[in-house]
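Novice: Pasting a predicted model and its sequence here:
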Amino acid sequence: LRGVADGRIERFEVETIVGSLLLGLASAQTFMAPLVRLRQADEYTTAHSLNVASLTMALAQYAGYTADQVRAVGVAGVLHDIGKVLVPREVLNRNGPLTAEERALVERHPVDGARMILESGDAGLELAAIVAYEHHMRYDGGGYPQPSRRRACHPASDLLHVCDVCYAMATHGP
(Lines give C-alpha, C1' and ligand atoms only; values in the text may rest on other atoms or scores of the structure.)
Protein backbone atom coordinates (compact mmCIF):
# COMPACT_ATOMS: atom_id res chain seq x y z
CA LEU A 1 0.00 0.00 0.00
CA ARG A 2 1.33 3.37 -0.95
CA GLY A 3 1.56 5.83 1.90
CA VAL A 4 1.71 3.24 4.67
CA ALA A 5 5.44 3.79 5.20
CA ASP A 6 4.83 7.41 6.16
CA GLY A 7 1.81 6.63 8.34
CA ARG A 8 -0.94 7.38 5.82
CA ILE A 9 -3.66 4.88 4.97
CA GLU A 10 -5.50 5.39 1.72
CA ARG A 11 -9.01 4.00 2.33
CA PHE A 12 -9.85 3.96 -1.38
CA GLU A 13 -6.80 1.84 -2.11
CA VAL A 14 -7.68 -0.63 0.66
CA GLU A 15 -11.29 -0.84 -0.54
CA THR A 16 -10.07 -1.46 -4.09
CA ILE A 17 -7.90 -4.35 -2.91
CA VAL A 18 -10.76 -5.83 -0.88
CA GLY A 19 -13.11 -5.45 -3.84
CA SER A 20 -10.68 -7.28 -6.06
CA LEU A 21 -10.36 -10.06 -3.52
CA LEU A 22 -14.14 -10.37 -3.29
CA LEU A 23 -14.45 -10.58 -7.08
CA GLY A 24 -11.78 -13.24 -7.12
CA LEU A 25 -13.48 -15.26 -4.42
CA ALA A 26 -16.85 -15.02 -6.14
CA SER A 27 -15.45 -16.18 -9.48
CA ALA A 28 -13.12 -18.92 -8.20
CA GLN A 29 -14.76 -20.61 -5.23
CA THR A 30 -13.31 -23.93 -6.37
CA PHE A 31 -9.94 -23.16 -4.84
CA MET A 32 -11.26 -21.96 -1.48
CA ALA A 33 -11.75 -25.38 0.14
CA PRO A 34 -8.17 -26.50 -0.56
CA LEU A 35 -6.86 -23.10 0.57
CA VAL A 36 -8.71 -23.45 3.88
CA ARG A 37 -7.23 -26.94 4.28
CA LEU A 38 -3.78 -25.57 3.53
CA ARG A 39 -4.22 -22.80 6.12
CA GLN A 40 -5.26 -25.36 8.72
CA ALA A 41 -2.15 -27.39 7.92
CA ASP A 42 0.35 -24.53 7.76
CA GLU A 43 -0.07 -20.77 8.15
CA TYR A 44 3.33 -19.92 6.60
CA THR A 45 2.64 -21.91 3.44
CA THR A 46 -0.75 -20.22 3.05
CA ALA A 47 0.76 -16.74 3.31
CA HIS A 48 3.57 -17.85 1.00
CA SER A 49 1.08 -19.14 -1.58
CA LEU A 50 -0.97 -15.94 -1.55
CA ASN A 51 2.11 -13.74 -1.80
CA VAL A 52 3.67 -15.81 -4.58
CA ALA A 53 0.33 -15.71 -6.42
CA SER A 54 0.29 -11.92 -6.17
CA LEU A 55 3.87 -11.60 -7.41
CA THR A 56 3.22 -14.03 -10.26
CA MET A 57 0.09 -12.18 -11.32
CA ALA A 58 2.01 -8.88 -11.36
CA LEU A 59 4.80 -10.43 -13.43
CA ALA A 60 2.29 -12.03 -15.82
CA GLN A 61 0.50 -8.71 -16.25
CA TYR A 62 3.83 -6.97 -16.89
CA ALA A 63 4.68 -9.66 -19.47
CA GLY A 64 1.48 -8.86 -21.37
CA TYR A 65 -0.77 -11.72 -20.35
CA THR A 66 -4.50 -11.17 -20.84
CA ALA A 67 -6.75 -10.62 -17.82
CA ASP A 68 -8.01 -14.23 -18.06
CA GLN A 69 -4.44 -15.55 -18.23
CA VAL A 70 -3.41 -13.41 -15.23
CA ARG A 71 -6.39 -14.77 -13.29
CA ALA A 72 -5.48 -18.37 -14.20
CA VAL A 73 -1.87 -17.76 -13.16
CA GLY A 74 -3.15 -16.31 -9.87
CA VAL A 75 -5.24 -19.40 -9.16
CA ALA A 76 -2.23 -21.57 -10.01
CA GLY A 77 -0.12 -19.48 -7.64
CA VAL A 78 -2.56 -19.92 -4.79
CA LEU A 79 -2.66 -23.68 -5.33
CA HIS A 80 0.98 -24.39 -6.24
CA ASP A 81 1.87 -25.79 -2.78
CA ILE A 82 -1.49 -27.44 -1.99
CA GLY A 83 0.24 -30.84 -1.89
CA LYS A 84 1.93 -29.76 1.34
CA VAL A 85 -1.30 -30.53 3.23
CA LEU A 86 -0.08 -34.15 3.09
CA VAL A 87 3.33 -33.35 4.63
CA PRO A 88 3.42 -33.62 8.44
CA ARG A 89 3.59 -30.18 10.06
CA GLU A 90 6.71 -31.03 12.07
CA VAL A 91 8.52 -31.88 8.82
CA LEU A 92 7.20 -28.84 6.97
CA ASN A 93 8.25 -26.44 9.71
CA ARG A 94 11.64 -27.98 10.49
CA ASN A 95 14.35 -25.34 10.80
CA GLY A 96 17.16 -27.82 10.35
CA PRO A 97 18.22 -30.49 7.91
CA LEU A 98 15.70 -33.13 6.90
CA THR A 99 16.33 -36.85 6.87
CA ALA A 100 16.23 -38.60 3.49
CA GLU A 101 12.73 -39.88 4.28
CA GLU A 102 11.50 -36.42 5.29
CA ARG A 103 13.00 -34.85 2.16
CA ALA A 104 11.21 -37.48 0.06
CA LEU A 105 7.91 -36.49 1.73
CA VAL A 106 8.48 -32.81 0.96
CA GLU A 107 9.54 -33.55 -2.60
CA ARG A 108 6.26 -35.41 -3.21
CA HIS A 109 4.16 -32.26 -2.72
CA PRO A 110 4.21 -31.20 -6.41
CA VAL A 111 2.91 -34.60 -7.53
CA ASP A 112 0.39 -34.77 -4.69
CA GLY A 113 -0.77 -31.21 -5.36
CA ALA A 114 -1.26 -31.80 -9.08
CA ARG A 115 -3.18 -35.00 -8.31
CA MET A 116 -5.42 -33.21 -5.79
CA ILE A 117 -6.20 -30.45 -8.28
CA LEU A 118 -6.95 -32.91 -11.10
CA GLU A 119 -9.14 -35.00 -8.79
CA SER A 120 -11.26 -31.92 -8.08
CA GLY A 121 -12.76 -32.53 -11.52
CA ASP A 122 -12.70 -28.82 -12.42
CA ALA A 123 -11.45 -28.53 -16.02
CA GLY A 124 -10.73 -24.84 -15.37
CA LEU A 125 -7.90 -25.82 -13.04
CA GLU A 126 -5.76 -27.55 -15.66
CA LEU A 127 -3.11 -24.80 -15.58
CA ALA A 128 -3.06 -24.93 -11.78
CA ALA A 129 -2.34 -28.68 -11.92
CA ILE A 130 0.48 -28.15 -14.42
CA VAL A 131 2.04 -25.38 -12.33
CA ALA A 132 1.68 -27.37 -9.09
CA TYR A 133 3.51 -30.27 -10.75
CA GLU A 134 6.26 -28.21 -12.40
CA HIS A 135 7.01 -25.42 -9.92
CA HIS A 136 10.19 -27.05 -8.54
CA MET A 137 11.57 -28.14 -11.92
CA ARG A 138 14.62 -26.21 -13.09
CA TYR A 139 15.85 -25.11 -16.50
CA ASP A 140 18.96 -27.27 -16.16
CA GLY A 141 16.88 -30.41 -15.67
CA GLY A 142 17.38 -30.44 -11.90
CA GLY A 143 14.77 -29.99 -9.25
CA TYR A 144 11.83 -32.26 -8.66
CA PRO A 145 9.86 -34.24 -9.63
CA GLN A 146 12.10 -35.74 -12.29
CA PRO A 147 10.07 -36.42 -15.44
CA SER A 148 10.92 -39.54 -17.44
CA ARG A 149 12.39 -37.31 -20.16
CA ARG A 150 13.67 -33.75 -20.03
CA ARG A 151 11.23 -31.16 -21.34
CA ALA A 152 10.47 -27.47 -21.06
CA CYS A 153 8.01 -26.34 -18.40
CA HIS A 154 4.88 -24.34 -19.13
CA PRO A 155 5.66 -20.58 -19.23
CA ALA A 156 3.31 -20.02 -16.26
CA SER A 157 5.36 -22.53 -14.24
CA ASP A 158 8.53 -20.63 -15.10
CA LEU A 159 6.96 -17.32 -14.01
CA LEU A 160 5.82 -18.82 -10.72
CA HIS A 161 9.18 -20.51 -10.15
CA VAL A 162 10.96 -17.15 -10.40
CA CYS A 163 8.49 -15.52 -7.99
CA ASP A 164 8.62 -18.51 -5.62
CA VAL A 165 12.41 -18.34 -5.39
CA CYS A 166 12.47 -14.54 -4.99
CA TYR A 167 9.86 -14.70 -2.25
CA ALA A 168 11.74 -17.48 -0.43
CA MET A 169 14.98 -15.48 -0.55
CA ALA A 170 13.27 -12.30 0.71
CA THR A 171 11.47 -13.87 3.68
CA HIS A 172 12.35 -15.95 6.69
CA GLY A 173 10.60 -19.28 6.82
CA PRO A 174 11.40 -22.88 7.58
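Specialist: Looks like it arrived, so ask away.
Novice: can you map out the helices along the chain?
Specialist: All helices of the chain, identified by DSSP state H, fall at 11-27, 32-41, 43-62, 67-79, 89-92, 100-107, 109-119, 126-134, 155-170.
Novice: worst average pLDDT in those?
Specialist: When the helices of the chain are compared by mean pLDDT, helix 32-41 comes last with a mean of 56.
Novice: closest one to residue 140 among the helices of the chain?
Specialist: With C-beta to C-beta as the criterion, residue 140 lies closest to helix 155-170 of these, at 12.3 Å. Every C-beta, even on glycine, is put in place using the N, C-alpha and C of the backbone.
Novice: Now render the helices of the chain as TSV, adding mean neighbour count.
Specialist: Compiled in TSV, those are given as follows (neighbours: other C-beta atoms under 10 Å):
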stretch	mean neighbour count
helix 11-27	11
helix 32-41	15
helix 43-62	18
helix 67-79	21
helix 89-92	15
helix 100-107	13
helix 109-119	20
helix 126-134	23
helix 155-170	18
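Novice: Turn those helices into TSV, columns for distance to residue 145.
Specialist: Shown next, in TSV, are the helices of the chain (distance: least, C-beta to C-beta, whole Å):
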stretch	distance to residue 145
helix 11-27	29
helix 32-41	20
helix 43-62	19
helix 67-79	17
helix 89-92	18
helix 100-107	7
helix 109-119	5
helix 126-134	7
helix 155-170	12
